[in-house]
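Student: Got a sequence here, can you model it:
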Amino acid sequence: MASDDQRPDTIAALGNRVIRTPYLDSLVREGTSFVRATCANPICTPSRAEIMTGCTGFRNGVHDGGGRIRAGVESWAGTLRQAGYHTWYAGKWHNDGHPLEHGYQETRGLFVGRGSQWAVDQSDWKGRKITGCRGWVFQAEDGRLLPQEGVGLTANISSRLAEAAISLIQRRADKPFFLHVNFTAPHDPLIMPPGYAGKYVPARMPLPANFLPQHPFDHGNFRGRDEELLPWPRTAADVREELAYYYAVITHLDQQIGRILEALEAAGQANNTVVIFTSDNGMAIGSHGLRGKQNMYEHTIGVPLILRGPQVPRGRRSHAQCYLRDLFPTACDLAGIKIPASVQGRSLVPVLKGAAKAIYPEIFGYFRTFQRMIRSDRWKLIWYPQIQRRQLFDLADDPDELRDLSANPERASVLEELSRRLKAWLAEAGDHVESQAQLGGPR
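Tutor: Numbers count the residues shown, from 1 in each chain. Modelled structure (predicted):
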């Protein structure tokens with residue numbers, strides 16, 4: 001199960017004292033949480049492509065919205081299907097073609113973008129004209145579009161998608177199944193779910209510790225749609241209101257996840273099913289003066305990631321750095337299925353079994369040609385190629401990334417070593433941003 005645009009710090013059992021997420025909390029208690037999981041490329045389409053293919057956008061061909069997955073790259077669903085699994089898909093589809101073209105055998109509650117011809121004028125909770133998910137409609141398995149069931153995001157869409165997933169679980173499959181559920185929540189537009197008004201009071205919402213009225217420089221997406229959802233400069237009142245609705249949508253989503261978990265229990269499948277919960281990327285919502293997801297800060301590059309099921313330790317939290325693309329090989333490893341050669345992600349099973357504490361010495365992030373990132377256990381370097389700027393953060397001492405140390409002469413050796421390792425990884429990955437800008441330079 002995957003949410004859409006959910007910050008990693010929005011689960012009560014993982015330390016958020018304001019939000020209410022009882023069903024996600026139960027997964028935390030009953031499974032293993034990877035608290036340093038990352039999405040690598042914090043945009044919906046490429047992030048989802050990495051989940052489905054187990055490899056970077058440089059290999060699978062999807063760097064941005066509208067990208068097509070390259071032929072010859074194996075898919076998670078196709079691999080499990082060849083191994084004898086039913087492969088089902090429910091919810092938001094934000095990649096090329098149709099799920100049936102990517103290894104899935106059946107869909108329910110398929111929600112797809114079909115262009116402005118289907119768009120209707122709508123407003124969000126604050127009366128702002130909706131710009132996100134316009135023209136999205138449900139689609140029947142035979143290809144018929146179903147605009148009569150609602151256009152764009154609606155107040156009860158999470159429950160609709162849960163019902164679609166539950167209908168597949170209730171079929172009581174005669175062989176193992178792989179069910180991929182993609183929710184739309186809490187992606188904008190934020191619309192109050194039925195019965196959730198007043199669940200969170202804006203005046204009582206704590207601001208993020210790294211709240212800023214405005215980011216100190218253009219990070220490459222200042223004029224992006226996401227950033228236009230809040231006025232500049234950001235105010236404490238605006239951010240608190242936005243967070244109150246964001247949290248309400250997540251709490252409603254949590255209830256729908258609970259319904260799916262209960263359906264697994266009722267079908268007698270709970271004890272022999274691996275449940276994975278994550279999100280395609282995080283979100284700023286006022287952190288660092290940003291609203292959107294196109295940045296390399298922890299609140300955005302990080303994602304919630306919880307596994308529960310056979311071979312998964314209960315109540316454990318792992319600090320092993322990992323990617324969303326690791327889920328494909330992890331699922332294969334848990335099921336005893338050979339991992340395809342095209343997969344670049346690594347199985348998390350050694351961590352789950354206690355045979356390893358780490359999978360990667362460092363992880364990397366990328367957003368268009370505007371941002372590149374390397375994060376070790378302690379340090380993070382963010383490079384902005386287009387403006388020749390670098391940021392350096394000591395995450396052990398400064399987890400909210402408030403103090404940029406890139407100009408600190410005492411950290412010059414750290415900065416240059418991270419820059420060297422980032423440059424080497426970019427070359428190995430086939431990232432051509434290096435031909436457009438020189439690593440280092442003005443800060």
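Student: Name the residues of stretch 259-270 that are buried.
Tutor: Buried residues in stretch 259-270, counted by 16 or more other Cβ atoms under 10 Å: 259, 260, 261, 263, 264, 269, 270. Heads up, the C-betas are built off the backbone N, CA and C, glycines and all.
Student: need those in JSON lines with pLDDT, distance to residue 402 and secondary structure, can you?
Tutor: Below are these laid out as JSON lines (pLDDT from 0 to 100; distance: Cβ to Cβ, whole Å; DSSP: H, G, I helix; E, B strand; the rest coil):
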{"residue": "259", "pLDDT": "98", "distance to residue 402": "39", "secondary structure": "helix"}
{"residue": "260", "pLDDT": "98", "distance to residue 402": "38", "secondary structure": "helix"}
{"residue": "261", "pLDDT": "98", "distance to residue 402": "37", "secondary structure": "helix"}
{"residue": "263", "pLDDT": "97", "distance to residue 402": "43", "secondary structure": "helix"}
{"residue": "264", "pLDDT": "96", "distance to residue 402": "42", "secondary structure": "helix"}
{"residue": "269", "pLDDT": "93", "distance to residue 402": "45", "secondary structure": "coil"}
{"residue": "270", "pLDDT": "93", "distance to residue 402": "42", "secondary structure": "helix"}
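Student: Report the two of those separated the most.
Tutor: Comparing every pair within those by Cβ to Cβ identifies 259 and 269 as the most remote, at 14.4 Å.
Student: which residues of the chain score low on pLDDT?
Tutor: Counting by pLDDT under 70, the chain contains low-confidence ranges at 116, 173, 434-443.
Student: per-domain residue ranges of it.
Tutor: When the chain is parsed with automatic domain parsing, its domains come out as 2-352, 363-435.
Student: Out of those, which is the most enclosed?
Tutor: Highest mean neighbour count among those (mean count of other Cβ atoms under 10 Å): domain 2-352, with a mean of 19.
Student: Figure out the length between the terminal residues of that one.
Tutor: Domain 2-352 has an end-to-end distance of 20 Å (criterion: Cα to Cα, to the nearest Å).
Student: ok, so what distance separates residue 103 from residue 246?
Tutor: 33 Å (Cβ to Cβ, to the nearest Å).
Student: Same question for residue 115.
Tutor: Taking Cβ to Cβ as the measure, residue 115 falls 27 Å from residue 246.
Student: Among the buried residues of stretch 259-270, find me the one that's closest to residue 143.
Tutor: Of all the buried residues of stretch 259-270, residue 143 sits closest to residue 260, with 26.0 Å by Cβ to Cβ.
Student: what separates that closest one from residue 24, distance-wise?
Tutor: With distances taken as Cβ to Cβ, residue 260 is found 12 Å from residue 24.
Student: How about residue 422?
Tutor: To residue 24, residue 422 is 33 Å away according to Cβ to Cβ.
Student: With residue 180 instead?
Tutor: According to Cβ to Cβ, residue 180 stands 18 Å off from residue 24.
Student: Can you tell me which helices and strands the host helix or strand of residue 79 packs against?
Tutor: Mapping residue 79 onto the secondary structure by DSSP states H and E places it in helix 76-82. Helices and strands touching helix 76-82, as assessed by 3 or more Cβ pairs under 8 Å, 6 or more residues apart in numbering; DSSP states H and E, comprise helix 44-53, strand 86-93, strand 177-182, helix 327-335.
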